[in-house]
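Undergrad: everything below, folded, please.
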Amino acid sequence: MAHHITNFTSQAPLHPVAREALLGAFDQGWADPDKLSYQSSTARILRDESVATIASHLKIAPHHLEFIADPALGNFYAIAGLLKPSTLLIHSAIDRSEVMAIAHDRKSMQLTVGSNGEINCDSLEPDLPHDSLLALQVANGETGVTQQCDRIIDLLPTSKIACDFSSAGLRVPLPHRWDSAFFDAKSWQGPEGVGIIAIAADDQWHNPLPHIGPQRTTSSVSLPLLMATAVAIDSWVSDEVSESQRLRALSSFLRSEIHAGIPDCDIAGDLDSSLPHINSFSFLYVNGEELLRHLDRAGFAVDSGSACSAQNLTPSHVLAAMGLLTHGNVRITLHHDTQHDDVVALVAALKSAVSEIRST
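TA: Purely as a prediction, here's the structure:
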């Protein structure tokens, strides 16, 4: 008999409507949209329609968007495309590792965060150089904490702004001022391998990768995946209208049950200033890997550590920056198909697992 697992990890399957559309997309979108044949003309229309759908939901004009096949390069495109050798790169202590890597070998400034995960605006110096760039993580993928983007941007009136929407997706609106932005189609249950770079002004951004020719990027995303991305965003947005409040209520229930039922637990961030579906808990005297295995045996898949895989359960630099426990951590992500009974069962399994681990 197959082992049933209820998914509370950050990853979710392709949206069911997009999955149904994908096979047809492969049948229709196989031709090169840039060639002159009839099939290519059809493919070009499908491409333009898909881009227009995505752009309308992002509230960004289509000509400002570039599509990349490797979302892992998304922050690099968004940030490095705005950098000059003299630019001061400003980022927070809870940014993604790829942002830290960009900052490592250049002039940079790291902003601290409070115990709630929000950037300490007092750490922004009033006399920052005119040539500076803020890498602004709109929402943190480990804790769900969102930043006061407009307030932070107003404190840096001369800085360029590169926004990371890879976790926030469409759940947080664009700030009033931005120069580049990165989105990942997976944030709305789109397919793997579709990243979106938004570029506000062509004359302020350059392709940071070696290239020949005038194209801003290689635009290497396959047309069927682009079409599936458009279908997914349409369907996900329609679902989210009712699901957002339901998921926030489920997260509130989850947090209150864990707080009341398991002592010595850190809960990361305030739900009122977080995404509605991401929750992070750290338990004193508990090994995170052991806790994951207990939950897996009980039928629940969750995340833990800075990147959850069998090879990497390293302590989270995000939790460390917030001054929270970095061991015994689980990240619980709620999805559109998560039900109240699923959360009740997970809470019971967590209580049992933590109690058993602490007693050994």
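Undergrad: next, count neighbours for Asn279.
TA: Asn279 sits with 27 neighbouring residues when counted by other C-beta atoms under 10 Å. Glycine gets a C-beta too; all of them are placed from N, C-alpha and C.
Undergrad: quick check: next helix or strand after the helix or strand encompassing it?
TA: Using DSSP states H and E, Asn279 sits in strand 278-283. Per DSSP H and E, strand 278-283 leads on to helix 288-297 as the next helix or strand towards the C-terminus.
Undergrad: need the mean per-residue confidence for that following helix.
TA: The average pLDDT within helix 288-297 is 93.
Undergrad: tell me the angle that helix makes with strand 278-283.
TA: The directions of helix 288-297 and strand 278-283 differ by 120 degrees, with axes from the mean of the first three to the mean of the last three C-alpha atoms, to 10 degrees as the criterion.
Undergrad: which elements pack onto the very next helix or strand once past helix 288-297?
TA: Sequence order places strand 300-301 as the next helix or strand after helix 288-297, per DSSP H and E. Packing contacts for strand 300-301, counted by 3 or more C-beta pairs under 8 Å, 6 or more residues apart in numbering; DSSP states H and E, involve strand 6-7, helix 340-359.
Undergrad: indicate which one of those is closest to Ser115.
TA: Taking C-beta to C-beta, helix 340-359 is the member of the helices and strands packed on strand 300-301 nearest to Ser115, at 22.2 Å.
Undergrad: pull out the buried positions in that closest one.
TA: Buried residues in helix 340-359, counted by 16 or more other C-beta atoms under 10 Å: 342-343, 346-347, 349-350, 353-354, 357.
Undergrad: could you point out which element follows the lengthiest helix in the chain?
TA: Counting residues, the longest helix found in the chain (DSSP state H) is helix 223-261. Going down the chain from helix 223-261, the next helix or strand is strand 265-267, by DSSP H and E.
Undergrad: name the helices or strands packed onto that next one?
TA: For strand 265-267, the contact count by 3+ C-beta pairs under 8 Å, 6+ apart identifies helix 223-261, strand 278-283 as packing neighbours.
Undergrad: could I get those as TSV with distance to Lys107 and mean pLDDT?
TA: Shown next, in TSV, are the helices and strands packed on strand 265-267 (distance: least, C-beta to C-beta, whole Å; pLDDT from 0 to 100):
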stretch	distance to Lys107	mean pLDDT
helix 223-261	36	95
strand 278-283	32	96
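Undergrad: would CSV of the ones you listed with distance to Pro85 be doable?
TA: What follows is the helices and strands packed on strand 265-267, written out as CSV (distance: least, C-beta to C-beta, whole Å):
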stretch, distance to Pro85
helix 223-261, 35
strand 278-283, 37
